[in-house]
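K.L.:
Predicted model, plus sequence, below.
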Amino acid sequence: MSALQELLHALPGAVLLARNDVIVYANAASAALLEVASPEQLHGRTTNEFVHPLDKQRSSERIYRISSQAVEPATAPNKPSEFRLRTSLGNLRMVLISSVALVVEGAPAVLMCGLDMTHQSEIQQQLRESEQNFRRLFESMQDVYYRTNAQGVVQHVGPGVRRVLGYEPHEIEGRTAESYYPQSSDRDAFKAAIMAHGEVSDFPGQMVCKDGSIIDISISSHALFDHNGQFAGIEGIYRDVTQRKNLERELQRLATTDMLTGMANRRAFLDAAEQAWAEARGNGQAMCLLMLDLDHFKNINDRNGHLEGDRVLVAFAQAVRAQLRASDTVGRLGGEEFCVLLRTTDADSGSEVATRILEGVRTMPLTTATGERLSVTVSVGLANLRSVDRSLHELLDRADQALYNAKRGGRDRVAFNAGGGPSHTDSLGPEHQDT
Ligand SMILES: Nc1nc2c(ncn2[C@@H]2O[C@H](COP(=O)(O)OP(=O)(O)OP(=O)(O)O)[C@@H](O)[C@H]2O)c(=O)[nH]1
């Protein structure tokens, strides 16, 4: 073996020399690649017989092109290109082949060099599949992936944005995230939380959709930093939680509302009253409580039936509400007993409201099933916040005591309990009874 042949033989890449496509020389790597016992077993066979049927035409064209240029061999070698080969054992190999035309011992020949890429191909195929899986997952995700730069400009947004906000991703990219936040305070709170903790999970907020509707969202995100540790933006996901929020709101409403009258129920009213009491104490503001109880309601039920009694309660609730401001709170404490909280209201103004309620209830246009007018009246106990009160319950007790006195005094009237005994009572006009 010549030194050159020894060199070719030891090359890790497959080398073949063919004349008219018939192999006249093969090195050891060729034999290994095509799975024959020795290079000599390749001699006399055609290269074409190892080419996969789907690549045969492309391979023949390349050999023809290179062979027709044999006069100037070195000028136009075939660029490396991948071919599927079948080994003598029938196994498939992906081989990167480059070829060049030569004149060897006075006769034209083609020198082919092959690099086995089967393994790399498999890795690439796995990568492609993994990429496709990832893309499918990304496309079908209920969440919207997004990334902004340090200035809050959206750099990338996932396709989920079509379903959630109704925008195409390109309509969002390049815009600042603020542009689809209905409340800038929401976005500010989100940014503050990210800056403070580096990440947020299930952070609540709202966004405006392309059609102008507002949805509830929940965001989980983290801050991005560049190589120098500088803040570089935010990355994360957000999801539409409107349905869940609506359900929560509905549950909250059911848990805090009296179903018959639509008023706050006992617990919700007392919560609101506690809060108002603390605020009024803190700010030194006035506050009044009215305790209301329908008069002889048992008779109304007994004479007209329970359903009719319910109808009266509903009408009563409307009549009371009609006299109140948005800042007032009315609740049903139970049965036919109600309580009104009047914020920033002193005893005189509270008494005026109570008097209007008396009048409003008295004049409710109610009739019985037989068409007779149904007369309904209410008694009201009034108490105002005093600087010496230590708890809301002292105020409630005084209002309750005043209500008792209004009942005892003949009903259909307001009684005021200023606290501190009879000497503290105020005059509330002809139909008001001081306690
Ligand atoms: N229809 C109806 N009746 C109710 C409801 N809750 C309580 N009641 C009735 O309200 C009546 C309250 O009666 P009492 O506490 O004796 O008081 P009253 O008849 O209103 O008399 P005074 O309060 O002393 O003026 C009872 O008959 C209860 O059954 C309700 O949700 N619907």
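P.N.:
In hand now; what should we look at?

K.L.:
C-alpha only now, for contacts and for neighbours.
P.N.:
Fine.

K.L.:
Per-residue confidence at the residue of the stretch 101-250 of the chain found nearest the ligand, what does it come out as?
P.N.:
Residue nearest to the ligand within the stretch 101-250 of the chain: residue 250 (21.9 Å; C-alpha to the nearest ligand atom). Note on residue 250: pLDDT of 93.

K.L.:
which residues touch residue 238?
P.N.:
Residue 238 sits next to 143, 144, 145, 217, 218, 219, 220 when contact means C-alpha atoms under 8 Å, 6 or more residues apart in numbering.

K.L.:
and the fifth one, helix, strand or coil?
P.N.:
Going by DSSP: H, G, I helix; E, B strand; the rest coil, the secondary structure assigned to residue 218 is strand.

K.L.:
list the contacts for it?
P.N.:
Per C-alpha under 8 Å, 6+ apart, neighbours of residue 218: 202, 203, 204, 205, 238, 239, 240, 241.

K.L.:
Now, those that are in strands?
P.N.:
Of the contacts of residue 218, the ones assigned to strands by DSSP state E are 202, 203, 204, 205, 238, 239, 240.

K.L.:
Sort out which of those are buried, if you could.
P.N.:
Buried residues within the ones in strands among the contacts of residue 218, counting neighbours by 16 or more other C-alpha atoms under 10 Å: 203, 204, 205, 238, 239, 240.

K.L.:
which regions of the stretch 51-200 of the chain lie under the pLDDT threshold?
P.N.:
Within the stretch 51-200 of the chain, the segments meeting pLDDT under 70 span 69-75.

K.L.:
Which parts of it are helices?
P.N.:
Ranges of helices within the stretch 51-200 of the chain are 56-67, 118-140, 160-165, 169-172, 184-197, based on DSSP state H, counting those that start in this stretch.

K.L.:
how about residue 319, phi and psi?
P.N.:
The phi/psi pair for residue 319 (degrees, to the nearest 10) reads phi -60, psi -40.

K.L.:
so what pLDDT did it get?
P.N.:
On pLDDT, residue 319 comes in at 97.

K.L.:
Over to residue 229?
P.N.:
89.

K.L.:
residues near it, how many?
P.N.:
Residues near residue 229, counting by other C-alpha atoms under 10 Å, number 8.

K.L.:
and what of residue 251?
P.N.:
Neighbours of residue 251 (other C-alpha under 10 Å): 12.

K.L.:
measure it to the ligand for me?
P.N.:
Distance, residue 251 to the ligand, by C-alpha to the nearest ligand atom, to the nearest Å: 21 Å.

K.L.:
ok so, going back, what helix or strand does the residue of the stretch 101-250 of the chain closest to the ligand sit in?
P.N.:
helix 242-256 (DSSP states H and E).

K.L.:
helices or strands next to that helix in the packing?
P.N.:
Packing contacts for helix 242-256, counted by 3 or more C-alpha pairs under 8 Å, 6 or more residues apart in numbering; DSSP states H and E, involve strand 214-225.
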